[in-house]
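>>> Return atomic coordinates for the entry below.
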Amino acid sequence: MISLYPGERPHLPHVPAPQAATPEATQPDQARHWLDAERTSLLATVTTPAVAHGQPDYIVHLSTILFRYLNLGYWADGQKISQQALTAARTSGNYAAQARALTNLGLFTAFLGSSDEALHLEQQALSLARGVGDRSVEARALLHLAIVYGRLQRYDDADSCLSECIDMARRIGDQNCEVWALNNLGVLRAATGHYTDSYELIQQCMTLAHRAGDHSGDARWLCNVAAYHVQMRHIDEALDYAQQALTAARTLGDMYAELQTLDTLGLIYSQLDRNDEAQTSLELALDLCSETCGLGEKSDVLNHLGLSCARQNRYHEACQHAQHALATARMTGDRRAQADIMNTLGYTLRLAGDLRQSLQYHRDALAIATHHGARDQQARAHDGLAQAFHRQGHQEQAEQHWQQALTIYTDLDLPESQDIAEALRSTNASLAPPAPGSASP
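The predicted structure is shown next:
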C-alpha cells in the first residue's frame with residue numbers, strides 16, 4: 001500500500017509480517033493490479049463469522065489499510081468495510097479505532113449522497129478523536145467534516161474546519177493530511193468565487209506533495225487546475241490540463257478523478273463545438289457514476305449533458321437530462337447544484353422559445369443561489385432573466401438584471417463580465433434616440 005500511497009504511511013497500522021508467502025507488489029502498478037484482483041475476496045473476509053466475531057483487530061486494520069484505495073471510487077465497498085470496522089472497534093473497546101472508522105464511514109456515506117447522515121458520523125468521529133487525544137485521527141476527521149460541510153453548502157464551517165486541519169497537520173507533521181486539506185480548501189474557494197485563491201492553493205498542494213515524492217493525487221489536482229482554466233475561459237490550457245489529468249487518473253486507477261475529468265472534458269469540448277467528443281466524454285462519466293454510485297457527481301454530469309444537448313439545439317433531450325439531474329440533486333439535498341440545474345433549464349427553454357418557463361426557472365435559481373451564497377449562479381440567473389426579458393421586449397427589466405449580473409461577475413473577476421457589458425452597450429444603443437441629422441430622408 002505504501003508503494004501506491006506513500007503519504008499514507010503515518011496512518012497505517014503496524015502489522016507483523018505474515019508467515020505465509022506474500023505477493024510481489026513493491027511497485028505501484030503491481031500493488032494496484034493485485035488490489036483490483038483481490039478486492040472482492042478481501043472484503044468478503046470481513047463478513048465471515050470467524051473474522052467478524054473473533055478477530056476485531058483484523059477488520060479494523062484491513063479497513064484502515066484499504067481506505068485510500070477504496071476512496072478511488074469504491075464507495076459502497078468502503079462504506080461496508082468501515083461499518084464492519086466500527087462494529088469491531090466497539091466490540092474491542094478501542095475508542096481511537098472507533099473514531100477512525102467513523103470518519104472513514106462518514107466520508108464514504110457523503111460520496112454516496114447521504115450528506116446529513118455523513119455529518120452526524122463525522123461529528124461523532126471528531127468528538128471521539130478529541131476525547132481520546134488522537135491528533136492524527138482528529139486532523140483526518142476535520143478534513144472529512146469539511147468535505148461534508150461543503151456538500152451541505154455550509155461554506156464557512158467547511159473553511160473553519162480546513163484551516164484548523166491545516167494548522168494541526170503542520171503541528172503534528174502530517175504532510176499528507178496538509179496536502180489534501182490545501183486541495184480541498186482550493187476547491188472550496190472556487191465554490192465561493194475566490195478563483196485566484198483556489199488556483200494558488202491547489203498549486204501549493206501539488207508542490208508540497210511532489211516535493212515529498214508523492215504523485216498519487218495528481219489526477220485530482222490536475223483536474224482542479226483544468227476546472228480553474230475552464231472558469232477563466234482559458235480553453236487551450238484547460239484542455240491540456242484535463243488531458244493530463246485523464247491520463248493520470250487511468251494510470252492511477254482513480255475512478256473518481258477519471259469521472260470528474262471526463263465531466264470537465266465534456267464542458268471543454270462543448271465550448272470548442274466538438275460536440276461528438278463532448279457527448280462521448282459525458283456519457284463515459286455517467287457510466288462511472290453508476291460504477292461508483294456517486295449521486296452528487298451524477299447530477300453534475302447529467303446537467304452538463306443537458307447543456308451540451310441545448311447547445312446542439314436538441315432541446316427535448318436537454319430538458320430530460322436536466323430534469324433527471326434536478327431530481328438527483330434534490331435527493332442529495334445539494335441546493336447549489338439545484339440552482340445550477342435550474343439555470344440550465346432556464347437557458348434551454350429560452351433557446352426553445354418558452355420564455356415564460358425560462359423566466360420561472362431563472363427566478364427559482366436566483367432565490368436558491370442568493371440564499372446559499374452561490375454568487376456565480378446568482379449572476380447566471382440574472383443574465384438568464386435579462387436575456388428572456390430582452391427577448392420579450394422588456395428592455396428596462398433586462399437592463400436591471402444585466403446590471404446586477406455585471407456587478408457580480410466583475411466582483412468575481414470572471415470573463416462573463418465582458419459579455420454582460422457588451423449586452424448592456426447594445427441595449428443602450430438600441431434605446432438611444434437618433435442623433436441629429438441621422439434620420440433617413
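>>> where does the stretch 51-200 of the chain dip in pLDDT?
51-54 (pLDDT under 70).
>>> Strands of the stretch 251-400 of the chain, residue ranges please.
Counting by DSSP state E, counting those that start in this stretch, the stretch 251-400 of the chain has no strands at all.
>>> which stretches of it form helices?
255-271, 275-292, 295-311, 315-332, 335-352, 355-372, 375-392, 395-412 (DSSP state H, counting those that start in this stretch).
>>> Adding mean pLDDT, write these out as CSV.
As requested, the helices of the stretch 251-400 of the chain are arranged in CSV below (pLDDT from 0 to 100):
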stretch, mean pLDDT
helix 255-271, 96
helix 275-292, 94
helix 295-311, 95
helix 315-332, 96
helix 335-352, 97
helix 355-372, 97
helix 375-392, 96
helix 395-412, 96
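>>> can I get those in JSON lines with mean neighbour count and distance to Asp214?
For glycine as for every other residue, the C-beta is placed from the backbone atoms N, C-alpha and C. What follows is these, written out as JSON lines (neighbours: other Cβ atoms under 10 Å; distance: least, Cβ to Cβ, whole Å):
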{"stretch": "helix 255-271", "mean neighbour count": "24", "distance to Asp214": "15"}
{"stretch": "helix 275-292", "mean neighbour count": "18", "distance to Asp214": "23"}
{"stretch": "helix 295-311", "mean neighbour count": "24", "distance to Asp214": "25"}
{"stretch": "helix 315-332", "mean neighbour count": "20", "distance to Asp214": "31"}
{"stretch": "helix 335-352", "mean neighbour count": "25", "distance to Asp214": "31"}
{"stretch": "helix 355-372", "mean neighbour count": "19", "distance to Asp214": "34"}
{"stretch": "helix 375-392", "mean neighbour count": "24", "distance to Asp214": "32"}
{"stretch": "helix 395-412", "mean neighbour count": "18", "distance to Asp214": "32"}
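>>> Just to check, Ala141 is in contact with Gln124?
No. In this structure Ala141 lies outside contact range of Gln124 using Cβ atoms under 8 Å: 9.1 Å.
>>> Ends of stretch 266-282, what's the gap?
End-to-end distance of stretch 266-282 (Cα to Cα, to the nearest Å): 5 Å.
>>> between Ala141 and Gln124, what contacts are shared?
Here Ala141 and Gln124 share the contacting residues Leu102, scored by Cβ atoms under 8 Å, 6 or more residues apart in numbering.
>>> When those two are compared, which one has more neighbours?
Counted by other Cβ atoms under 10 Å, Ala141 and Gln124 do not tie: Ala141 has more neighbours, with 30 against 18.
>>> who's in contact with the more buried one?
Contact partners of Ala141, counting by Cβ under 8 Å, 6+ apart, are Ala99, Leu102, Thr103, Glu122, Ala125, Leu126, Ala129.
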